[in-house]
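Peer 1: Sequence and computational prediction follow.
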Amino acid sequence: MRFQAPKGVSEYFPPRSNAFERVRDELISAAKVAGFALVELPVFEDTELFTRGVGASTDVVSKEMYTFEDRGGRSITLRPEGTAGAMRAVIEHGLDKGQLPVKIWYSGQFFRAERPQAGRYRQFYQVGVEAIGLQDPEIDVEVIAAADRGFKKLGLKNYRLELTSLGDSTSRIAHRKDLDAFLQTLDLDEATKIRAGLNPLRLFDDKRESVRQQMATAPILLDYLSEESRIHFETVKALLTEMGIAFTINERMVRGLDYYTGTTFEFIHPDLGAQSGIGGGGRYDGLMSELGGADLSGIGYGIGVDRVLLACEAEGIFEANLPLTPLDLFLVPIGAQAKRFVVPLLQNLRELGVRVDMAYGDRSLKGGMKAADKSGAVFSLVIGDEEMTSGQAQIKNMKTGQMQSIKIATSDHGLQLREFILASQG
RNA sequence: GUGGGCGUAGCUCAGCUGGUAGAGCACUCGGUUGUGGUCCGAGAUGUCGCGGGUUCGAGCCCCGUCGCUCACCCCA
């Protein structure tokens, strides 16, 4: 029996795991510099949290959830998205009882039982952010800017930000009425009619030409915004422009989660094939009260780390093969005696914070140096019988090939080595 | 869930109209005594995804199955 990973999961191992880590950490630090604080949440929750929070009519809830009964007969679901769980935690622990907004970030695995495809996995990794308890358009911009900053920090260029407003409930009710009436006049097949019944907005991103043509003249939600929603959205747009964050208005944007209201956005990367959304989010006015909490609005995003990695690769950002782990020093012992000498030195250096590894396995000098080369270490140090007796060893700069004599076998040789390395790094 | 393409060494792939397996990269060792990356030489490596069928004979054909992949759908 040869085991395989379950279908459709994304997993990362060296050397690519290094790029994955880089992407994830960059996206996280973009949130941290903006004052968002970590929440570490469970990957499974009460099923009802999602059916109520995300919306029973959504595809995510109706056909893509990993749901099972636990041993106590409770219905449990592997989180398909992050916002509902974050809200649950905020409400449960009263995070919203203090000063507002509550600004939190999270990262981790999410699960959706879909057919796998390029950039679409059954287990995927997301970094997200939520800012709760403020109506200000400024916070909308802060959230969008945090995502954008992460992408830019990574060096991404070809993505675009699409923006729209889903308005407040009066805006949506007015629009929905006209849209429903409009849809009645169309010639649609049964399946599409059912979709329209669940959420008429879905028809806006139908890819079939016949549907697109019919939808061309459909009433657009942006035209129905209440005065308040309109001013809010105008402020968001003006601020983004002022901050140099480019965006396009997509008046037909459709999001898969029912809780979105007001400012809604998506980051699209065109080099990714069918699954081109690298991140998205928006405001959610009714979610918290729907889940039994205070009637507070919030705004957040979820960024797909897997897809951002794909996007980085598509743009050639990680072309240079990243080393497994960045090492300062690599020790090459020759002979049993040297090996015994090197192991405590290794420990000593690591205690001092020097990133160091050694050649194991009684390799030849050539083999040891080859291992040093592969490790990507900045320096190498060969230690054999000669060095042991003389107390002098040659530390070699692997880039320039330059060697320099350094004392070993003294009580403070670890410190000396560390000093040397720090000094050479400027 | 629906449809198309594909599954051969760790990786990327070649394998003629069926005659029982190859290349490059990577790996290990060596190229006169202890300094890697280039070059040269040598070596190890496969249940040809799995199960069944057709055939004297199957990596090549047929069926099933699992997986990957792309698109629909959906979204991160």
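Peer 2: Ah, there it is.
Peer 1: Could you give me the buried positions within the lowest-mean-pLDDT helix or strand in chain A?
Peer 2: Lowest mean confidence among the helices and strands of chain A (mean pLDDT, DSSP states H and E): helix A:190-198, at a mean of 77. Neighbour-count burial for helix A:190-198 flags A:192, A:195-196 (criterion: 16 or more other CB atoms under 10 Å). All C-beta atoms are positioned from the backbone trio N, CA, C, and that covers glycine.
Peer 1: and RNA strand B, which of those residues contact it?
Peer 2: When contact is defined as CB under 7 Å from any atom of the strand, the buried residues of helix A:190-198 meet RNA strand B at residue A:195.
Peer 1: Give me every residue in the stretch 1-150 of chain A that's in contact range of RNA strand B.
Peer 2: So the stretch 1-150 of chain A meets RNA strand B at A:4-5, A:7-8, A:58-60, A:64, A:81, A:112, A:114-121, A:124, A:126 (CB under 7 Å from any atom of the strand).
Peer 1: For RNA strand B, state which of the buried residues of helix A:190-198 is nearest.
Peer 2: Closest approach between the buried residues of helix A:190-198 and RNA strand B, by CB to the nearest atom of the strand: residue A:195, at 5.9 Å.
Peer 1: Next up, the contacts around the closest one.
Peer 2: When the contact criterion is CB atoms under 8 Å, 6 or more residues apart in numbering, the partners of residue A:195 are A:202-203.
Peer 1: Would you tell me what helix or strand the nearest residue to residue A:38 once chain neighbours are set aside is located in?
Peer 2: Using CB to CB, 6 or more residues apart in numbering and skipping residues adjacent in sequence, the residue nearest residue A:38 is residue A:105, 6.1 Å away. Under the criterion DSSP states H and E, the helix or strand holding residue A:105 is strand A:102-111.
Peer 1: avg pLDDT for that strand?
Peer 2: Throughout strand A:102-111, pLDDT has a mean value of 96.
Peer 1: picking that back up, is the residue nearest to residue A:38 in a bridge, and if so with what?
Peer 2: In this structure, residue A:105 has the following beta-bridge partners (DSSP bridges): residue A:38, residue A:129.
Peer 1: Looking at chain A, which residue is nearest RNA strand B?
Peer 2: Taking CB to the nearest atom of the strand as the measure, the point where chain A comes nearest RNA strand B is residue A:256, at 1.5 Å.
Peer 1: Correct me if wrong: that residue contacts residue A:59.
Peer 2: Yes: in this structure, residue A:256 is within contact of residue A:59 by CB atoms under 8 Å, at 6.3 Å.
Peer 1: re the thing from before, surely the residue nearest to residue A:38 touches residue A:31?
Peer 2: Yes: assessed by CB under 8 Å, residue A:105 is found in contact with residue A:31 at 4.0 Å.
Peer 1: what are the ranges of the strands in the stretch 101-250 of chain A?
Peer 2: A:102-111, A:123-132, A:160-165, A:248-249 (DSSP state E, counting those that start in this stretch).
Peer 1: Just want the angle from the first one to strand A:123-132.
Peer 2: Using axes from the mean of the first three to the mean of the last three CA atoms, to 10 degrees, one finds that strand A:102-111 and strand A:123-132 are set 160 degrees apart in direction.
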